[in-house]
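Trainee: got a predicted structure here, sequence first:
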Amino acid sequence: MKPRGGVPAWLSATLLFCTRCGAPLHFGAVEGEERERLSCDECGYIAYVNPRLVVTTIPVTESGEVILLRRGIGPGLGAWAQPGGFLEIDETAEEGAVRETLEETGLKVETTRIVGIYTRPPAAIVVVAYEARILGGESRTGPEALEITAFAPDAIPWSGIAFNTSTWALRDWVRQVRPDLAHLAEAAAEPEAS
Ligand SMILES: [Zn+2]
């Protein structure tokens, strides 16, 4: 299916029927809307399509190293990323980031500040990256994390990072905490093709 009105094709393919009445959705002009929308001719329901929020942390150890995990599931299987995942409907962004970090790494953290916010339209996501302080827990691998490793800012595995949003977040974190090392991040942070 072709992208419709900026909705990625893979997402468009899941939006065929009205969630209120079950009739087919139709893409086109809708009265009162400034752009074409998916809507239901039967009941008038407008199916707004918005990005999803991915909440992540960059956990930092007392000695200033950053905790990354080697992903055990796709996308990005086998590559490095910060812990994170989709925000649930009944939690705050900070709560979601802390929960995902605990689930994926076993580490209890608290968010300390926002490193950056990164948009990736082809995946329909917005990624929030928090810097986080490690409060406790015990690092443990699992299905989602094959390895969990603390990297010094000058030893981040730039060529093995899973996602450009992760590269951008780590680049910004390095720029903020170790501006003398920013050149290491720059080469890795080229805009992605997809
Ligand atoms: Zn309907």
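Mentor: In hand now; what should we look at?

Trainee: and the residue lying closest to residue 72 once chain neighbours are set aside, what does it touch?
Mentor: Of all residues not flanking residue 72 in the chain, residue 146 sits nearest, at 4.6 Å (CB to CB, 6 or more residues apart in numbering). In this view, the C-beta of every residue, glycine as well, is placed from N, C-alpha and C. By CB atoms under 8 Å, 6 or more residues apart in numbering, the residues touching residue 146 are 69, 70, 71, 72, 78.

Trainee: and the second one, how many neighbours does it have?
Mentor: When counting by other CB atoms under 10 Å, one arrives at 19 neighbours for residue 70.

Trainee: repeat that for the last one.
Mentor: Other residues within reach of residue 78, judged by other CB under 10 Å, total 13.

Trainee: from residue 122, how far out is it?
Mentor: For residue 78, the distance to residue 122 equals 21 Å [CB to CB, to the nearest Å].

Trainee: do the first one as well
Mentor: Relative to residue 122, residue 69 is positioned 23 Å away (criterion: CB to CB).

Trainee: need the contacts of residue 146 in JSON lines (columns: pLDDT and distance to the ion).
Mentor: Formatted as JSON lines, the contacts of residue 146 follow (pLDDT from 0 to 100; distance: CB to the ion, whole Å):
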{"residue": "69", "pLDDT": "98", "distance to the ion": "42"}
{"residue": "70", "pLDDT": "97", "distance to the ion": "45"}
{"residue": "71", "pLDDT": "96", "distance to the ion": "39"}
{"residue": "72", "pLDDT": "94", "distance to the ion": "40"}
{"residue": "78", "pLDDT": "96", "distance to the ion": "43"}
